[in-house]
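Engineer: Sequence below, structure please.
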Amino acid sequence: MSTEDENDETGFLSARQVAAYGQFDGPPPVEDLERFFFLDDADRWMLEVRRGDANRLGFALQLTTVRYLGTFLDDPLDVPTVVLDELAAQLKIADASCVKTYVERANTKWEHRRQIAAEDGWREFAEVRNELCAWIDHRAWTTGAGPKAIFEGVLAWLRARRVLLPAVRELERLVATVVRQAHGRLWTTLAQMVSAQQAAVLLDLVEVDEGQRVSKLEKLRQSPVDRTGKALAGALRRAFEVRTIGLGATDVGAVPQRRVVDLARRGMSANATDLRRTSPYDKRLATLLSTVLYLEAKAVDDALELFDLIMANELLARAERQSNAEKAKRYPRVARDASKLAAVVAVLLESDDWGADLSVTQLWDAIENVASRTELRAAVDRVHQAAPPDADPDREWREALMGRYPLVRRFVCLLATTIEFGATTDAAEVLYALTALPDLLDASPTKRVPAGYLDARKISMEMITPGWRELVLRKDRPAETVDKVAYVFCVLDQFHQRLRRRDIFAAASSRWADPRALLLSGETWEERREQLLDSLQIPGEPGDLLAAYAAELDGMWQYMATRVEAGDVTVDGEGRVHAAAVQAVARPDSLNELRDRCQDMMPEADIGDMLLEVMGWLPEFAAAYTHVSGGARLDEGMDLTLAAVLTSQALNVGWKPVITPGDPALNRSRISHVYQNYVRAETHAAANGALIAGQAGVPTAEIWGGGLVAAVDGTRFVVPVRSIYARPNPKYFGRKKGATYLNMINDQGVGIAGMVLSGTPKDSLYAVDLMYRRDGGVRPEVFVSDTGSYSDMVFGMLKLLGVDYRPELAGLPDQKLWRIDPNADYGHLDAAARGKIDLAKIKRHWDDICRIVASVHCGAISASDVMRMLQHGGQPTQLGDALAHFGRIFKTLHVLSYADRESYRRDIKWIRNLQEERHSLAKHVFHGRKGELREAYHAGMEDQLGALGLVVNAITLWNTVYLDMILNRLRAEGYPVREADVARLHPYWHRHINVAGHYSFTPPALGADGRRALRDPGTGDR
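Structural biologist: Predicted coordinates:
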């Protein structure tokens, strides 16, 4: 029996959970005391009729206890002292011990229960049993959560509806039964979508053939890692093999997509033996079906990712480098010839001053003093050879590209025949040319068409772009033929460009699909249009809105003109606006002393112990890690194992340093099991949500900000292993390749979102996506990025999404600024306002602009896909240009505000510096294996860097909590703590946290307040 099957048994609650059911499990948190144990006017009215302090206090205990626990206690006095004291204080009862007499008369207790149930509206469980079963069934069907996770939700559901809790075993059996039935119905629904023949094929995938070491499924799950034509051919064959299983057309729309994804994740991670043993039969079949459906898209994604990598880096970039190298070799000779020719031209220019009677002979005499005619003819010939007057400057790299044809020959026919592509009208001819290549290349050459050439009558001449024309239609070619190699590269070059911008797309893919199909359209758009535009506060008709923005922009220009006149803003002779660099504000002595004192008082901690402490503060943090199958979570020692897994991943040290011999929670097999079955992007996100909420509740974090300002930036990691998800960038990775972890933090210092990107792509494509992929926290109202991340379209989209975009501007004078009224007089700034915003174009495309923004807002499509769709070859489409014109209004307002207000620049600089401090902490934590990311696959990168982001957030919260304690102690001791100084502290100190050596996972010794003891000032090592 597999692990998840064991977890489906009825008795899923631990002995500790059973004992804590309907009882106080320690003192309630302060917020719960304030919420559940506060007596309002209605409560006091009920209490007024009770005679004696003991009766009033006992009645209050039962009234508030049932609200908190959902049940009455057998012994009403079995409550934490803090609860008794809180109620006694509210009732102004000096001696709370008087309540002991309350239980002397049993009838009083029962009578009060009946009265409370009637007055407060409490119902018996039998009245809502059917309604609760329907809720459990829906929750299990849609989320795939196991009985243990749903049980916690059931308790909240019952309390919210004022239903008295039943016996624990009764409720446990009910939840287990309904969850098991919902899961079974899901498996049966999916299994019934498969024919008997298809079922046999699926079951055969997990069998190991004689003479083989692994199953067919294991082979299909292996993604490519090499960047070669052979590897791409293998990836395309893999995509073909998955497609030929014949399940791609299966419609699983009757089942929640999340459940299909969960089953597929199980099928992708489990070994063949576990899948063969999975029971019942319907579950095994449903898992395999979901896995194959996932694999069909994954195999196409991997193949096209590798094709993109080979085209961009192994072919185009390498050809360009080879061309540049050849040019560099010729440079010394060409430079000498050019120097001679330049000297001759200088003589000719000087001859204008020699008088009108200058003869040709005299002119040549002057020229030959510089260089002889023979030398000049030779120099001219050599320069013409190196750079012919009518030559295409890109011809040389295209010729170098053609020398790489053996690499392309391995996969070009497979690419054209294996994956089913679609295309827009503009790109249809390119797709047709690609799909025609196999027939053209396989045709046996005749005498009329020699080897190395293609029949020109069988290709479309319109396909041949000007850059490729000379090479495809060679002057020395046989009649009615084209150069085969040049034509293949001409087609591949155009196909690659259109694939990147999704004019050509793969229907079976997830990453390379048609983004236009995801946009809201037709009846769906008409039905949701008004609701979505209302939620975004966007008018259907833009006239009044654009008029208001035009007035705002004109007013800003007029105001800035007065600032220039007053000398407060600098404009140079070319009309470019300048602003002084943000100067670091000197740290006052009070800040330096406060920072040093706080750092000295920080408790010392090992990274593993620190994680366990944070898990103790936030039970929902560890509880977020659920089994991939939806089964119950491991109980004994799960927190220890989870802390070990997160430590190993975040510190990049592998399993060995976190294994503790003799400890069953910290042995290799247990750690590996938790990593494979519990750690994934979804559980990281849920756990991070708990950390974000925890950070927001710390008073010191509230001084730093309200969470409404966010910044996005990337951390770069070298990837030394073979991977198609690592790309070159000499600036960041030297001669190696790497990946980027793009992350977003808020002004409270906590990371709220992250994603892994191949290489170092432009952040603007993904910045908006991060805002909608937040793990928690409030939605930012201000969004900050670096200079390289912004574009005019991003300004427009973020404004329509209700976010104020403020990128840092490194080259302020070079920013192009825009106006709406071409006749307006802006004084010295007239030259700066050289761009013209076309409001008419915005109005023409307004409905489509609203449609794409609404589609992003409701999650129908990612912002990165929209941005890619709105650009062709780096140039915006008509719709993209309209959105860019709208964005230029707010870009100009931002640039002018940036130039005018130092405080505006300083606020941007502050959060950018905060993010750099966080990057520094992340690099300090991720120190193992030279700080290199050694995951070959994208999912592995996301899991590991997700763990890193999570541990950095745990450190951030831990530091913030203890910093808050330190500041409170200092204030209590009379130390002068200035709030302005506190606002300049940050939570990324790490010298007191040990991240090296063999890691222990021992729950720390905590004081009565649940915290470690602070150190004395002056004892820390600086």
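
Engineer: Let's verify the nearest residue to residue 836 once chain neighbours are set aside: helix, strand, or coil?
Structural biologist: Distances taken as C-beta to C-beta, 6 or more residues apart in numbering place residue 822 nearest to residue 836, at 5.9 Å, with adjacent residues excluded. C-betas here are computed from N, CA, C, even on glycine. What DSSP: H, G, I helix; E, B strand; the rest coil gives for residue 822 is coil.

Engineer: what about residue 822, how many residues close to it?
Structural biologist: 8 (other C-beta atoms under 10 Å).

Engineer: That one and residue 610: what is the separation?
Structural biologist: In this view, residue 822 and residue 610 are 61 Å apart by C-beta to C-beta, to the nearest Å.

Engineer: picking up where we left off before, from memory the residue nearest to residue 836 sits against residue 835, does it?
Structural biologist: No - the pair residue 822 / residue 835 is not scored as a contact, 10.2 Å apart, by C-beta atoms under 8 Å.

Engineer: And the pLDDT for residue 846?
Structural biologist: As predicted, residue 846 sits at a pLDDT of 96.

Engineer: Residue 539 is in contact with that one, correct?
Structural biologist: No - contact criterion C-beta under 8 Å: residue 846 and residue 539 do not qualify, at 9.1 Å.

Engineer: Neighbour count: those two, which is higher?
Structural biologist: Between residue 846 and residue 539, counting by other C-beta under 10 Å, residue 846 is the more crowded of the two (20 against 13).

Engineer: Show me the shaky parts of the stretch 201-350 of the chain.
Structural biologist: Counting by pLDDT under 70, the stretch 201-350 of the chain contains low-confidence ranges at 323-331.

Engineer: how about the helices of it, start to end?
Structural biologist: 216-221, 229-244, 257-269, 272-277, 281-309, 318-350 (DSSP state H, counting those that start in this stretch).

Engineer: quick one: contacts of the first one?
Structural biologist: By C-beta atoms under 8 Å, 6 or more residues apart in numbering, the list of residues contacting helix 216-221 from outside reads 204-207, 209, 238, 241-242, 267-268, 271-272, 275, 288, 291, 295, 299.

Engineer: Show me which of those residues are buried.
Structural biologist: The neighbour-count criterion (16 or more other C-beta atoms under 10 Å) marks 205-206, 238, 242, 267-268, 272, 275, 288, 291, 295, 299 among the contacts of helix 216-221 as buried.

Engineer: thinking again about what came up before, can you list the helices of the stretch 201-350 of the chain in CSV and add distance to residue 189?
Structural biologist: Below are the helices of the stretch 201-350 of the chain laid out as CSV (distance: least, C-beta to C-beta, whole Å):
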stretch, distance to residue 189
helix 216-221, 22
helix 229-244, 23
helix 257-269, 10
helix 272-277, 19
helix 281-309, 8
helix 318-350, 50
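
Engineer: Okay, now the unreliable bits of this protein?
Structural biologist: For the chain, applying pLDDT under 70 flags the ranges 1-10, 323-331, 353, 355-356, 385-393, 443-450, 629-635, 788-789, 873-874, 1018-1022.

Engineer: so who does residue 872 touch?
Structural biologist: Contacts of residue 872 (C-beta under 8 Å, 6+ apart): 501, 503.

Engineer: just residue 776 next, same as before
Structural biologist: The contact partners of residue 776, by C-beta under 8 Å, 6+ apart, come to 688-693, 752.

Engineer: next one: residue 238
Structural biologist: 220, 222, 224, 299, 302-303.

Engineer: for the residues you listed, which one is nearest residue 560?
Structural biologist: Of all the contacts of residue 238, residue 302 has the smallest distance to residue 560: 51.9 Å, by C-beta to C-beta.

Engineer: Apart from its neighbours in sequence, what residue is nearest the closest one?
Structural biologist: Nearest non-adjacent residue to residue 302, counting by C-beta to C-beta, 6+ apart: residue 223, 4.8 Å away.

Engineer: Could you tell me the angle between whichever strand or helix holds residue 132 and helix 257-269?
Structural biologist: Of the helices and strands defined by DSSP states H and E, residue 132 is found in helix 129-143. Orientation check (axes from the mean of the first three to the mean of the last three C-alpha atoms, to 10 degrees): helix 129-143 against helix 257-269 gives 50 degrees.
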